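J.: no sequence on this one, just coordinates:
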Ligand SMILES: Cc1cc2nc3c(=O)[nH]c(=O)nc-3n(C[C@H](O)[C@H](O)[C@H](O)COP(=O)(O)OP(=O)(O)OC[C@H]3O[C@@H](n4cnc5c(N)ncnc54)[C@H](O)[C@@H]3O)c2cc1C
């Protein structure tokens, strides 16, 4: 083993934090682990939905990166501007960084400008500033038509738009405004969570139905006008529109030469290795096709599990052991349904010929478990 091994982790979100932490724990002084992250503050995205309905503040779901430096991880706050895998180097706003091993965990970028009017006339809870604006709009809402729509696929967290609709339902009930409101949900998908199969999809659709949320599958958002969305040829007026914006790969990923379908990075689905062999890609910036023709969902649970596998394999290689552990496609997702309850989807997304996913009915214990998941992230990992 040599002390000159340089491991560079790009992106300090869910995948990057786990990768950097585990690499340092496993390698100690035998490697220099550097985490490159443009933002000074990490926001735990799943909690944005609670912030939207007034149950969290920005401070309670945000952390800085000081604990990483204390653990011996070098943190560079800079934007990555180019990945040159032929030269085993990365360009950042503050200089060039060379590596022996690279882990790319730059996530998915939001692309609201792809649809004219989207940014001006609609809300979403997918980043902190937008979730705060939606919280304020909900606080001022006095009843009327709420439209929740998914602009396009893929998007982060298959459950989050459905949780958004159900949490808004619960919020309006709490404020005594539900009888004065209609909630309608539109998606291009044939069912909620289509990747998880029809049982999961019908069970989420039934939860929407129980809350009197009208569900419109196979509905394509075409244009945004002030006060109305044009969806599949129809103009649908609203008093409040919540639209999950289009997503795209970060520019630096799309321009890296590592891009596969749609510009997302193609990897070996077991080892998460991209080409060349000292480059790994995890989390939302990665595209992993499944046997049902769909992609592995963009979700923190997968970014986390992939990071564990990649850290272990890089540590083994640096230690001279060429055996590899594999990411097995298992994942668990809590689905907030409002009123202090959550359901759970859990399964094997690599199962053949179809993902094997079980749904657990909403209850208080899954909601409590989701809070435990949040606190693990915000208190233990960081
Ligand atoms: C509202 C909402 C609810 C969600 N709920 C859940 C849930 O309940 N369960 C679940 O599993 N998942 C959930 N997710 C999805 C989850 O947050 C993401 O899938 C997960 O964060 C992906 O991890 P990642 O490391 O790939 O990317 P990210 O966590 O997005 O991290 C990427 C990081 O890269 C940084 N970055 C990007 N470009 C650059 C650059 N050029 N230079 C430097 N830094 C850069 C970003 O600042 C960011 O910190 C939710 C997401 C949202 C928005």
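T.: Structure's in. What do you need? In this text the structure is predicted, and so the values were computed from the model without any measurement.

J.: which residues touch the residue lying closest to residue 53 once chain neighbours are set aside?
T.: Among residues not flanking residue 53 along the chain, residue 171 sits closest, at 4.3 Å (C-beta to C-beta, 6 or more residues apart in numbering). Backbone N, C-alpha and C define where each C-beta goes, glycine included. Counting by C-beta atoms under 8 Å, 6 or more residues apart in numbering, residue 171 makes contact with 53-54, 138, 338.

J.: Mind checking what helix or strand follows the longest helix along the chain in sequence?
T.: The single longest helix within the chain, with elements called by DSSP state H, is helix 300-318. Remark: after helix 300-318, the chain's next helix or strand is strand 330-338, criterion DSSP states H and E.

J.: what element comes up after that next one heading to the C-terminus?
T.: strand 341-348.

J.: Just the buried residues of that following strand, please?
T.: Residues of strand 341-348 classed as buried by neighbour count (16 or more other C-beta atoms under 10 Å): 341-347.

J.: Now flag whichever of those is closest to residue 218.
T.: Of all the buried residues of strand 341-348, residue 345 has the smallest distance to residue 218: 21.5 Å, by C-beta to C-beta.

J.: Kindly state the pLDDT recorded for the closest residue to that closest one other than its chain neighbours?
T.: With C-beta to C-beta, 6+ apart as the criterion, residue 345 has its nearest non-adjacent residue at 4.8 Å, and that residue is residue 333. At residue 333, the model reports a pLDDT of 93.

J.: do the one 10 residues further on as well
T.: Turning to residue 343, the model gives it a pLDDT of 96.

J.: With residue 30 as the reference, measure out to residue 319.
T.: Using C-beta to C-beta, to the nearest Å, residue 319 is found at 8 Å from residue 30.

J.: Tell me if the longest helix of the chain is near the ligand.
T.: Yes - counting by C-beta under 6 Å from any ligand atom, the ligand has neighbours in helix 300-318: 300-301, 303.

J.: what about the strand or helix carrying residue 33, average pLDDT?
T.: Here residue 33 sits within strand 31-36, counting by DSSP H and E. If you average the pLDDT over strand 31-36, you get 97.

J.: rewinding a little: what's the neighbour count on the residue nearest to residue 345?
T.: Residues near residue 333, counting by other C-beta atoms under 10 Å, number 27.

J.: so who does it touch?
T.: Contact analysis of residue 333 by C-beta under 8 Å, 6+ apart lists 157-159, 299, 301, 344-346.
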